[in-house]
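> Any chance you can model this:
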Amino acid sequence: MLAAVFTTLLFSLSAIFGRRVSQYLTATQANLGRLGLAATMLGLWSHVFGFGIHGRAFPVLFLSGCVGFGLGDLAMFAAYRRIGARRTVVLIQCLAAPIGAVGEWVWLGHAPTLTQALYGGVTLSGVGLALQPPDNKPSDGKPGAAGVLFGILAAAGQAGGAVLSRKAYQVAASAGESFRPVLLDGVNAAYQRTVGGIAFSLGFLIFLKILGHLDIFSKGMGAIDPQRTDRDRAGTRSGADWRRGMPWLIAHALAGPAAGVTCFQWALMLKPTNIVLPIVATTPLVVLPLAHYFEGERVTRRAVLGSGVAVAGVIGLVLAS
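Numbering: from 1, shown residues only. Now for the predicted structure:
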């Protein structure tokens with residue numbers, strides 16, 4: 001389960017960096033930019049030391065990237081802008097696990113045991129408890145329906161991408177091209193998924209251009225960071241601030257679609273979705289101290305208690321598997 005733990009740590013950093021990126025770039029720009037950077041890094045390794053985009057599993061991993069990196073992550077960026085990092089991450093991680101478990105059960109026939117399902121539920125309950133806002137925190141209003149829907153769509157994208165990855169490994173094994181459950185083959189799988197994500201995001205960007213720059217994913221841009229001046233926002237025709245956003249975009253690409261997804265694919269080679277996703281669902285617990293440092297959110301005793309419950313659930317899940 002070391003691969004899933006590494007995934008959790010890297011996804012936590014990615015969530016914070018992604019929130020920062022969303023202050024300066026639209027969802028489409030940010031997603032395409034980070035995928036381009038990640039594909040360059042992963043592709044250099046995969047084409048030199050791996051097998052690039054060859055193999056019977058490539059079409060399925062390509063589709064996995066379209067669903068997870070493309071549709072899911074576009075929705076994630078849109079949710080960041082509307083409901084913030086904390087709400088977005090808890091929606092994605094807490095909903096992706098049950099959606100993925102049901103999807104793999106229905107399609108691939110890998111049902112979790114009752115014990116695994118119980119410990120998975122304990123983990124998600126702890127995450128939900130930890131991310132409850134403080135009782136004395138001034139209300140910032142109910143999250144908008146659009147933001148919540150984007151969060152749910154992002155969760156479905158992550159779950160769908162994970163299940164498709166598991167299917168891809170089955171296809172590869174049937175063709176005698178099994179992925180080895182090692183980090184280096186995780187790079188190959190992550191690269192093939194990234195190619196799909198780039199294709200989807202690029203196609204979506206072209207679609208928006210045809211519609212005349214109507215980007216529902218970038219609604220509200222410029223309203224998040226009050227420190228940005230009108231001159232800052234006017235940096236480009238689209239309102240993007242590439243100068244300030246690029247360092248965060250590079251960090252986001254490294255932590256998320258490059259190293260993070262490599263470890264995620266590695267974990268999925270070792271264990272089914274119903275084991276990996278609940279562990280990755282503890283990502284919000286690691287986000288808490290990071291959000292405190294970067295965004296000033298206070299870590300409460302309730303958060304500490306919920307973290308303890310979630311960690312206990314993860315330990316039980318690992319022992320039960």
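> Can you list the neighbours in contact with the one helix or strand Leu129 maps to?
Assigned by DSSP states H and E, Leu129 belongs to helix 114-130. With contacts defined as Cβ atoms under 8 Å, 6 or more residues apart in numbering, helix 114-130 is touched by 90, 93-94, 97-98, 101, 112, 274-275, 278-279, 281-282, 284-285, 288, 302-314, 316-317, 320-321. Any C-beta I mention is one placed from the backbone N, CA and C, and that applies to glycine too.
> Show me the shaky parts of the protein.
Residue ranges of the chain with pLDDT under 70: 85-86, 131, 133-143, 212-239, 294-295, 297, 321.
> Show me the helices in it, by range?
Listed in chain order, the helices of the chain (DSSP state H) span 2-21, 27-49, 58-65, 73-108, 114-130, 145-174, 183-210, 230-233, 242-253, 259-270, 273-280, 283-295, 301-320.
> export the ones you listed to CSV and tack on mean neighbour count?
Converted to CSV, the helices of the chain look like this (neighbours: other Cβ atoms under 10 Å):
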stretch, mean neighbour count
helix 2-21, 23
helix 27-49, 21
helix 58-65, 24
helix 73-108, 23
helix 114-130, 19
helix 145-174, 21
helix 183-210, 22
helix 230-233, 11
helix 242-253, 19
helix 259-270, 26
helix 273-280, 27
helix 283-295, 19
helix 301-320, 17
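> okay, now Gln132: neighbour count?
If you count neighbours by other Cβ atoms under 10 Å, Gln132 ends up with 13.
> so it makes contact with Gly306?
Yes: look at Gln132 against Gly306 with Cβ atoms under 8 Å: they come within range, at 7.4 Å.
> isn't Gln192 right next to Gly50, touching?
No: applying Cβ under 8 Å, one finds Gln192 not in contact with Gly50, separated by 9.6 Å.
> Need phi/psi at Ser22.
Backbone geometry at Ser22, expressed as degrees, to the nearest 10, gives phi -70, psi -10.
> quick one, what contacts it?
Neighbours of Ser22 in contact, by Cβ under 8 Å, 6+ apart: Ala30, Phe77, Tyr80, Arg81, Ile224.
> Report the contact partners of the residue nearest to it when sequence neighbours are not counted.
Spatially, and ignoring its direct neighbours in sequence, Ser22 is nearest to Tyr80 (4.4 Å; Cβ to Cβ, 6 or more residues apart in numbering). Tyr80 sits next to Gly18, Arg19, Ser22, Thr88 when contact means Cβ under 8 Å, 6+ apart.
> run the last query once more with 10 Å
For Tyr80, the contact set (Cβ atoms under 10 Å, 6 or more residues apart in numbering) comprises 15, 18-23, 27, 30, 87-89, 147, 150-151, 154, 224.
> follow-up on the earlier one: so can I have TSV of the contacts of Ser22 showing distance to Ala172?
Below are these laid out as TSV (distance: Cβ to Cβ, whole Å):
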residue	distance to Ala172
Ala30	31
Phe77	31
Tyr80	34
Arg81	37
Ile224	42
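> Measure how far stretch 93-107 is from the centre of its chain, please.
Taking Cα atoms, centre = their mean, to the nearest Å, one finds the center of stretch 93-107 at 15 Å from the center of the full chain.
> Next one: the closest residue to Gly36 other than its chain neighbours from Pro257, what distance?
Leaving aside its sequence neighbours, Gly36 sits nearest to Ile198 (Cβ to Cβ, 6+ apart; 6.5 Å). Separation of Ile198 from Pro257 (Cβ to Cβ, to the nearest Å): 10 Å.
> try Tyr119
The gap separating Tyr119 from Pro257 is 29 Å, by Cβ to Cβ.
> who touches both of Ile198 and Pro257?
Overlap of the contact sets of Ile198 and Pro257 (by Cβ under 10 Å, 6+ apart) consists of Asn31, Leu35, Gly36, Ala38, Ala39, Gly65, Phe69.
> Now render those residues as CSV, adding distance to Thr262.
Shown next, in CSV, are these (distance: Cβ to Cβ, whole Å):
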residue, distance to Thr262
Asn31, 18
Leu35, 14
Gly36, 16
Ala38, 9
Ala39, 12
Gly65, 13
Phe69, 13
